[in-house]
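>>> Here you go, sequence then predicted model.
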Amino acid sequence: MTLNELNQLDPQAAATCFRQCCVSEAWVQGMLQARPFSSEASLFAEASRIWAGLERNDYLQAFEGHPKIGDVSSLRAKYADTKALAAGEQSSVDSANEATINALAEGNQQYEARFGYIFIVCATGKSAEEMLALLTERLHNDTETEIHLAAAEQNKITQIRLQKLLQN
């Protein structure tokens with residue numbers, strides 16, 4: 001889809017496209033009100049500006065749009081080949097081992113119990129081992145620090161999804 005096509009969509013269709021990038025209704029409504037975008041750069045800037053102005057509950061709603069990482073079999077499938085996950089960004093990474101997968105599942109359960117929402121991280125280009133290191137590090141954060149880190153990661157994810165939306 002081109003930027004012009006996105007700008008010309010009726011509000012319902014545009015909202016559907018924006019929800020593919022982030023499920024926070026406040027963010028979606030903000031994006032609808034910001035149309036039309038004069039350039040791709042303005043689209044990305046507005047997306048970040050709107051995101052930064054949201055409340056904690058809006059962030060939590062966005063986090064709910066992500067699949068829960070905690071099921072060992074889904075983690076095995078996700079990290080069966082970290083080269084595929086990284087889409088060519090890593091040149092010599094071995095598949096995730098069983099210990100790493102189990103540690104990720106356990107860490108995700110601990111994270112959700114501690115903070116009340118799933119672990120949010122922009123996983124693009126990261127191996128299972130890198131994800132585990134980030135998860136382990138962030139488990140020690142206080143709740144205020146962590147919500148801001150998770151929100152920043154969600155913004156990265158949204159930006160990537162917006163880029164993909166315009167490439168399709």
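Done, it's in. From a predicted model like this one, the values you see are computed outputs, not experimental measurements.

>>> so where does Ala152 fall, helix or strand?
helix 143-167 (DSSP states H and E).

>>> And the contacts of stretch 12-31?
1, 6, 9, 32, 35, 46-47, 50-51, 53-55, 58-59, 61-62, 64-65, 154, 157-158, 161-162, 165 (Cβ atoms under 8 Å, 6 or more residues apart in numbering). (Each C-beta comes from the backbone N, C-alpha and C, glycine too.)

>>> how about the closest residue to Lys156 other than its chain neighbours, secondary structure?
Distances taken as Cβ to Cβ, 6 or more residues apart in numbering put Cys122 closest to Lys156, at 3.9 Å, once the chain neighbours are dropped. Judged by DSSP: H, G, I helix; E, B strand; the rest coil, the three-state class of Cys122 is coil.

>>> From Thr145, how far off is Cys122?
17 Å (Cβ to Cβ, to the nearest Å).

>>> can you list the domains in the protein?
The record's domain split for the chain, according to automatic domain parsing, is 3-62+163-167, 68-149.

>>> mind checking the end-to-end distance for the first one?
End-to-end distance of domain 3-62+163-167 (Cα to Cα, to the nearest Å): 10 Å.

>>> Ile160 against Thr124, yeah?
Yes - using Cβ atoms under 8 Å, Ile160 makes contact with Thr124 at a distance of 6.1 Å.

>>> what do these two both touch?
By Cβ under 8 Å, 6+ apart, no residue touches both Ile160 and Thr124.

>>> That's all I had, so thanks and see you.
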